[in-house]
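Visitor: Only the shape, not the letters, is given here:
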């Protein structure tokens, strides 16, 4: 495995190059499931540590099953039924990106967020973006309490296993950002563009009823539950 870095005076991002080969197994869409180095589950620093240990003759690199094409097909299938899935996911990922920019202790992963929202829309094909986002932020403490989402390629492995290793500070960072965003959502009345949710000074007053900051909209819980257990 290697990483290609793209740098400029304004931005920097990297692309992982991962060796993979067909495992001979198929997913429920008939696509190939692949084998990749287990290092894909580690952050860059831990990958390098593993490399150094293996180079020193300590341990070895194993390979795991992965189903990237299956996840793409599943997302396309959900979005074909309800385009609010894509909108909800984009909004959630913007929150995640800005939270990370403001606090390096924020460790929520985009793929985890997307799979949570996928489960909501799988359970309710008529779910709307506002209800999906409110439910996501209401239930986020549960989702980061422990891992619970099985990997498509190997049900014995959890795609959200990273939450089991979150420190108290990292968990607090996620929940603090969640509290702020949930408050903005509950005060959002639709009279402004959704971008107002990400403008901290405006968002805190969007839809304010003038009654001491009480939410302008009272929402009921979305009834369908995610199929990943308690």
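Guide: Ah, there it is. As the structure is a prediction and not an experimental result, all values here were calculated from the model.
Visitor: And stretch 89-100, how far out from the chain middle?
Guide: Distance of stretch 89-100 from its chain centroid, counting by C-alpha atoms, centre = their mean, to the nearest Å, is 9 Å.
Visitor: hmm, who's touching it?
Guide: For stretch 89-100, contacts defined as C-beta atoms under 8 Å, 6 or more residues apart in numbering pick out 106, 108-110, 113-114, 117, 129, 133, 136, 173-174, 177, 181, 194, 197-198. No exception for glycine: its C-beta is placed from N, CA and C like everyone else's.
Visitor: Can you flag the buried ones in these?
Guide: Among those, those classed as buried by 16 or more other C-beta atoms under 10 Å are 106, 108, 113-114, 117, 129, 133, 136, 173-174, 177, 181, 194, 197.
Visitor: want to throw those residues into TSV with pLDDT and distance to residue 165?
Guide: Formatted as TSV, these follow (pLDDT from 0 to 100; distance: C-beta to C-beta, whole Å):
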residue	pLDDT	distance to residue 165
106	96	15
108	95	13
113	97	17
114	97	20
117	97	23
129	92	31
133	94	26
136	97	22
173	97	14
174	97	13
177	96	19
181	94	24
194	69	33
197	77	30
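Visitor: Just give me the closest of those to residue 64.
Guide: residue 114 (20.0 Å; C-beta to C-beta).
Visitor: the domain parsing of the protein - what is it?
Guide: 1-66, 68-230 (automatic domain parsing).
Visitor: From those, pick the one with the highest average neighbour count.
Guide: domain 68-230 (a mean of 16; mean count of other C-beta atoms under 10 Å).
Visitor: That one: how far from the chain's middle?
Guide: Taking the mean of its C-alpha atoms, domain 68-230 sits 8 Å from the chain's own mean (C-alpha atoms, centre = their mean).
Visitor: Let's test this: mean pLDDT of stretch 141-150, rounded?
Guide: Stretch 141-150 carries an average pLDDT of 96.
Visitor: I figured residue 135 hits residue 117, correct?
Guide: No: contact status for residue 135 versus residue 117: not in contact, 9.1 Å apart, counting by C-beta atoms under 8 Å.
Visitor: And the strands in this protein?
Guide: Applying DSSP state E to the chain gives strands spanning 2-7, 12-17, 21-26, 32-37, 63-66.
Visitor: Now the second one: average pLDDT?
Guide: Strand 12-17 shows a mean pLDDT of 66.
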